[in-house]
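K.L.:
Just a sequence and a predicted model for now, questions to come.
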Amino acid sequence: MERNQILKLSVLVFKALRVFCIIALGILAVVAVMWHISPDTLQSVYLDKDTLYYQYSGQSAGTEAEISLNEMGQAAFYFNSLKLAIILLVLLYIFQRALRIIRSMKSLQTFRDNNVRQFQKIGSAFLVLALFNTFYFMEVSGHAVINFMVPFNSLLAALLGFLLAEIFKEGNRLMEENQLTV
């Protein structure tokens, strides 16, 4: 595939991911309002207590790890809703930075200081994601569970972001050095 086609495809993917995050934030807001007005309307929304994945269906799959959203305690609902909202906002931030990098590449401004800063910001954002994915809290029927885990995928993505920043910084240095050579 040609370079411009890959960049165009990347732009489309990141824009689609951005739209998905915005829609997910909207759904989260609607669920939060519904939870406050009438929690019983959410009895068809099930949550896997172990992974915090939501699914909407008319009935439970019957696993012990699955609860109806209206059974969740108030503190757990607020904690997990806020956590999910922050994660979605951080992902939006990452996607926006990635789009800026791709646009600069399309305009042949690849090894510029701005891209170095964008990769550093992406690395920092993945560290924030790692922080929020470290904590797990669930409360059902008066029983609370607090867990801590190391989110290696977010830490690895942060490391890659900082590594790419250093690579682009070196590319910028070589480009400036090349421009001075006559």
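P.N.:
Received the coordinates, thanks. Residues are numbered from 1 along each chain as shown.
K.L.:
where exactly do the helices run in the chain?
P.N.:
Here the chain has its helices, by DSSP state H, at 3-37, 74-106, 113-134, 152-180.
K.L.:
list the buried ones in the second one?
P.N.:
By neighbour count on 16 or more other Cβ atoms under 10 Å, the buried set for helix 74-106 is 76-77, 79-81, 83-84, 87-88, 90-95, 97-102, 104-105. In this view, the C-beta of every residue, glycine as well, is placed from N, C-alpha and C.
K.L.:
One more: the shortest one?
P.N.:
Neighbour-count burial for helix 113-134 flags 115-116, 118-130, 133 (criterion: 16+ other Cβ under 10 Å).
K.L.:
Same check on the first one?
P.N.:
Along helix 3-37, these residues count as buried under the neighbour rule (16+ other Cβ under 10 Å): 10, 14, 17-18, 21, 24, 28, 31, 34-35.
K.L.:
how about these in JSON lines, adding distance to Phe152 and pLDDT?
P.N.:
Formatted as JSON lines, these follow (distance: Cβ to Cβ, whole Å; pLDDT from 0 to 100):
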{"residue": "Ser10", "distance to Phe152": "25", "pLDDT": "93"}
{"residue": "Phe14", "distance to Phe152": "24", "pLDDT": "96"}
{"residue": "Leu17", "distance to Phe152": "22", "pLDDT": "96"}
{"residue": "Arg18", "distance to Phe152": "25", "pLDDT": "96"}
{"residue": "Cys21", "distance to Phe152": "22", "pLDDT": "95"}
{"residue": "Ala24", "distance to Phe152": "24", "pLDDT": "93"}
{"residue": "Leu28", "distance to Phe152": "26", "pLDDT": "91"}
{"residue": "Val31", "distance to Phe152": "29", "pLDDT": "87"}
{"residue": "Met34", "distance to Phe152": "35", "pLDDT": "88"}
{"residue": "Trp35", "distance to Phe152": "32", "pLDDT": "85"}
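K.L.:
Perfect, I'm done here.
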